[in-house]
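Participant: here is my input, please return the structure:
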Amino acid sequence: MKTLKFGIVLFFVTSFLHAQGCSDAGICSIGKAFQEETKTFKNSFEINSILGQGDGNVSIFTQTLSYTRKFTEQFSLGSRVTYNLANGNFGTRGQFGDAYLIGNYQFKEKNNKQWSVLLGWKFPFTTANAKINNVSLPMDYQASLGTFDLFLGTNLNYKAWDFNLAVQIPVFNNNKNSYFDELSVSDDFPTTNLFERKSDALFRTIYTLKTTNNKFLFKPNVLFIYHLGEDTFENQFSNRETIKGSDGLTINGNLIGIYNINSKNSIELSVATPFVVRDVRPDGLTRSFVLGLNYRFLF
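Facilitator: You can find the predicted model right below:
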């Protein structure tokens, strides 16, 4: 229990620090597909609500609906749809964001070790060019990056530990954002006209603590996300420019608490905050904190 107490103190202390970003283009949340904690039921339905604080006093409220089907003891297929509502000095804008389709294959456990592999796609519902009163909005207000992304990942489960390794690759860019910092009344956001984002690589380690009756689970985890290049935009002269400092490392801390109401129903609460951030985060994914509530129903 000392590990748990240390984790709780660490997360609540860092939540009050002047953190500058918690970038997640989807790669952080796909790791959950590695962990299937039930063998009795084949179907899982989830409703998730997430509140985050972004740059420029932008509050982002995200809702997701997820459905997972376990076809065999080893193979499952999950889907998810997101809806984002952003509120800030520019106003309020809500839109459907992305759809995800993720397949997971678990190899047989051997010597307390179990490997899993993951393959998935992200499909955008928007071109990341939402406007308010015909005014172009920065990426912080957009519900999607406007990219079709490929996910590849693997996981090692060893006793109470999980180790995730994954990459997110933008395969096709349909981003038509038209925000120019030079033409805006705000200085909080960089220019992202026809924004193009580079790939991400993730490493995450998770430790699971359970009560004796298995009613409560606690999952402190740390995520290392490396942005594999500098993003670019198109300037007013139709020339593409790199965004200096947009590559590099982000380290996020996350604490997840799960209450199993019964064999079919559970509630999950999570809080996350960044420890290390990139110098510039033009993608609009900056979060100084993230608070999430999830309901899961098995059948």
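
Participant: mind listing the strands for the stretch 51-200 of the chain?
Facilitator: 59-70, 75-88, 91-106, 113-124, 131-132, 135-136, 147-158, 161-173, 200-207 (DSSP state E, counting those that start in this stretch).

Participant: and the ones you listed as CSV, adding mean pLDDT and distance to residue 238?
Facilitator: Bear in mind the C-beta positions are built from the backbone N, C-alpha and C, glycine included. Listed next are those as CSV, based on pLDDT from 0 to 100; distance: least, C-beta to C-beta, whole Å:
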stretch, mean pLDDT, distance to residue 238
strand 59-70, 94, 31
strand 75-88, 95, 28
strand 91-106, 95, 27
strand 113-124, 95, 24
strand 131-132, 96, 21
strand 135-136, 94, 16
strand 147-158, 96, 21
strand 161-173, 95, 16
strand 200-207, 95, 28
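
Participant: out of those, the one nearest residue 246 is which?
Facilitator: strand 200-207 (11.7 Å; C-beta to C-beta).

Participant: after the closest one, which helix or strand is next?
Facilitator: Later in the chain than strand 200-207, the nearest helix or strand by DSSP states H and E is strand 209-210.

Participant: for the helix or strand following that next one, give me every contacting residue.
Facilitator: Sequence-wise, the next helix or strand downstream of strand 209-210 (DSSP H and E) is strand 216-227. Applying C-beta atoms under 8 Å, 6 or more residues apart in numbering, the set of residues contacting strand 216-227 from outside is 3-4, 7, 11, 23-24, 27-28, 198-211, 246-260, 278.

Participant: tell me the angle of strand 216-227 relative to strand 161-173?
Facilitator: Per axes from the mean of the first three to the mean of the last three C-alpha atoms, to 10 degrees, the angle that strand 216-227 makes with strand 161-173 is 40 degrees.

Participant: chain center to whatever helix or strand comes next after strand 216-227, what's the gap?
Facilitator: Per DSSP H and E, the first helix or strand lying C-terminal to strand 216-227 is strand 232-234. Chain-centre distance of strand 232-234: 24 Å, with C-alpha atoms, centre = their mean, to the nearest Å.

Participant: isn't residue 59 up against residue 52?
Facilitator: Yes - look at residue 59 against residue 52 with C-beta atoms under 8 Å: they come within range, at 7.5 Å.
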